[in-house]
Structures are given as C-alpha cells and as structure tokens.
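>>> Build me a model:
(one chain, ligands or ions: 1)
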Amino acid sequence: MILTIRKYPDPVLQKPGEPVAVFDDALRSFVADMFETMYAAQGIGLAAPQVGDSRRITVIDLSCGKDPAQKMVLVNPEIVEREGRIYEEEGCLSFPEIREKVVRAAYVKVRAQDEHGTWFEAEGEELLSRCLQHEIDHLDGVLFLFRISGLKRDLALRKIRKLQRAGEW
Ligand code: NI
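Predicted coordinates:
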C-alpha cells in the first residue's frame, strides 16, 4: 500500500521517533509499505515520520528497486562510528524540488535491528553514508534544511512559501 508522504512543515517531521519494541507482522507489513511508497516516489531513503508514523524505522535502497541486495531496513538505528567529511547536494521526499549541499561524515558505521528484531551492523561510504545520516536524522526529528546555513535555509523556506501560495506544495 502506498502511504502519503508528509511534506514540510508537517509537525510529525520534527518530532523525535519512538523506539520500536514489537517486531510483528504489522511492523513487517508497514516496512513493505514504506518500500512501496519510496519506490513510487523514486526515492533512495524513507523514514517512518515521513509517512506520519513516529517510530524509529527507516528503509534505504540506493538502487531504487533495481537490486534487491541493496534493500536495507533499519529499526532503532544508531551511528556508532563516523569518519571524514563530505559536502554534497541532498534532496528529501518531504521537500520536493529543494536541493541543498549538506556537510556529512564520509563514512559511518551504524547498529540497527532488522524487521525481525535481529541486531546487525552496517557500514556506508559516500552516498550510502550520507543517506544513513539523512534518514537517521529524520528519526531524531532533524531535517536536512536545518543542517545548512541560516541564509540558505531562509532562501529555501521562501521558495517553499512561494510554492505553497501557488498551490504547488
Ligand atoms: Ni529526507
């Protein structure tokens, strides 16, 4: 089932997610819906708050549905190591048409549970590193627009208000 993607300034996007304690069929079905929603929107990452669910769940697939080996489900993820620095353009399904350069760690190691509750570790560099940090930020209620300079953020917020007035947001 395709879920509705919440756009900024929906308050759920800035609310920290609750840890997941129950790993049941309902959770797995929700995870499947998140993948379906992400693919329909041609995204590479989606966090539960973006579909209005304040739980610490995110899905990532850099292949956008082309390579099942790249599907990642991260429940209750935490960054346990970070190294280096990159500065690249990012987008977000909750901010259509907005792209901004964000400073991120070039490498991260994360610890998370899968949809069955099993803990695992995963590492990411470059795009995957950025994606992991962007999605885990969502679970803390942190949006990428709040990781850029105030001046750039004001310009982006102005663009959003303009799109809202035009009924295009
Ligand atoms: Ni995002």
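>>> Contacts for the helix or strand Glu135 falls within next, please.
Secondary-structure assignment from DSSP states H and E places Glu135 in helix 126-139. Residues outside helix 126-139 that contact it (CB atoms under 8 Å, 6 or more residues apart in numbering): 13, 16-17, 44-50, 56-58, 60, 62, 74, 77-79, 86, 88, 90, 92, 102, 104-108, 110, 122, 124, 143-144, 147. Quick note: C-beta positions are derived from backbone N, CA and C, even for glycine.
>>> Output the contacting helices and strands for the host helix or strand of Lys162.
For Lys162, the host element (DSSP H and E) is helix 150-165. Identification of packing neighbours for helix 150-165 by 3 or more CB pairs under 8 Å, 6 or more residues apart in numbering; DSSP states H and E yields no helix or strand.
>>> And it, what's buried?
Buried residues in helix 150-165, defined by neighbour count with 16 or more other CB atoms under 10 Å: Arg153, Ala156, Ile160.
>>> One more: stretch 100-118?
Buried residues in stretch 100-118, counting neighbours by 16+ other CB under 10 Å, are found at Glu100, Val102, Arg104, Ala105, Ala106, Tyr107, Val108, Lys109, Val110, Ala112, Gln113, Glu115.
>>> Any idea how far apart the tips of it sit?
Terminal residues of stretch 100-118 are spaced 35 Å apart (CA to CA, to the nearest Å).
>>> And for stretch 37-47?
Across stretch 37-47, first to last residue, CA to CA, it's 11 Å.
>>> Looking at stretch 45-62 now, give me its mean pLDDT.
Mean pLDDT, stretch 45-62: 98.
>>> Measure how far it is from the centre of its chain, please.
6 Å (CA atoms, centre = their mean, to the nearest Å).
>>> Over to stretch 134-154?
Worked out by CA atoms, centre = their mean, stretch 134-154 lies 11 Å from the chain centre.
>>> Now do the buried residues in that stretch.
Buried residues in stretch 134-154, defined by neighbour count with 16+ other CB under 10 Å: 134-139, 141-145, 147-148, 153.
>>> Since that was my last question, I'll sign off now.
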